[in-house]
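>>> Based on what follows, work out the 3D shape:
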Amino acid sequence: MTIKVPANAKKADIDKIFKNLNQTAKPFNARDFVGKIRFGTDPLELQRDLR
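Numbering: from 1, shown residues only. Take a look at the predicted model:
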C-alpha cells in the first residue's frame, strides 16, 4: 500500500491519514509455515543449486 503525503502537510493531516488506514489486517506469521515445504532433496544441495 502506498500513501502519498504532500510536502506541505501538517502533523494533524498526517495523523488523520494514519487513522484512516485499515488496522484490522493480521500481520504475516512466518511460523505457520516452518517445516511445511517438502523439497524432496537435501536442503544444502538445494541451496547450492539455487546459487
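>>> Which parts of the chain are helices?
Listed in chain order, the helices of the chain (DSSP state H) span 11-19, 43-50.
>>> Of those helices, which is nearest Ala30?
Nearest to Ala30 among the helices of the chain is helix 43-50; the distance by C-beta to C-beta comes to 16.8 Å. C-beta: built from backbone N, CA, C; applies to glycine.
>>> neighbouring contacts of that closest one?
Identification of contacts with helix 43-50 by C-beta atoms under 8 Å, 6 or more residues apart in numbering yields Phe39.
>>> and with 10 Å instead?
Phe39, Gly40, Thr41, Asp42 (C-beta atoms under 10 Å, 6 or more residues apart in numbering).
>>> Of all the residues in that helix, which ones are buried?
Judged by neighbour count using 16 or more other C-beta atoms under 10 Å, helix 43-50 contains no buried positions.
>>> if we can go back for a sec, what's the most distant pair in the contacts of helix 43-50?
Largest separation among the contacts of helix 43-50 by C-beta to C-beta: Gly40 and Asp42, giving 9.4 Å.
>>> These two: which has the busier surroundings?
More crowded of Gly40 and Asp42, by other C-beta atoms under 10 Å: Asp42, with 9 against 5.
>>> residue contacts, the more buried one?
Asp42 is in contact with Arg48, counting by C-beta under 10 Å, 6+ apart.
>>> Could you check how far it is from Gly35?
15 Å (C-beta to C-beta, to the nearest Å).
>>> show me what contacts Asp13?
Contacts of Asp13 by C-beta under 10 Å, 6+ apart are Val5, Pro6.
>>> quick thing: my sequence starts at 261, can you match it?
From this message on, residue numbering opens at 261, which makes the last subject Asp273.
>>> Could I get the phi/psi values of Gly300?
Main-chain dihedrals, Gly300, degrees, to the nearest 10: phi 90, psi -10.
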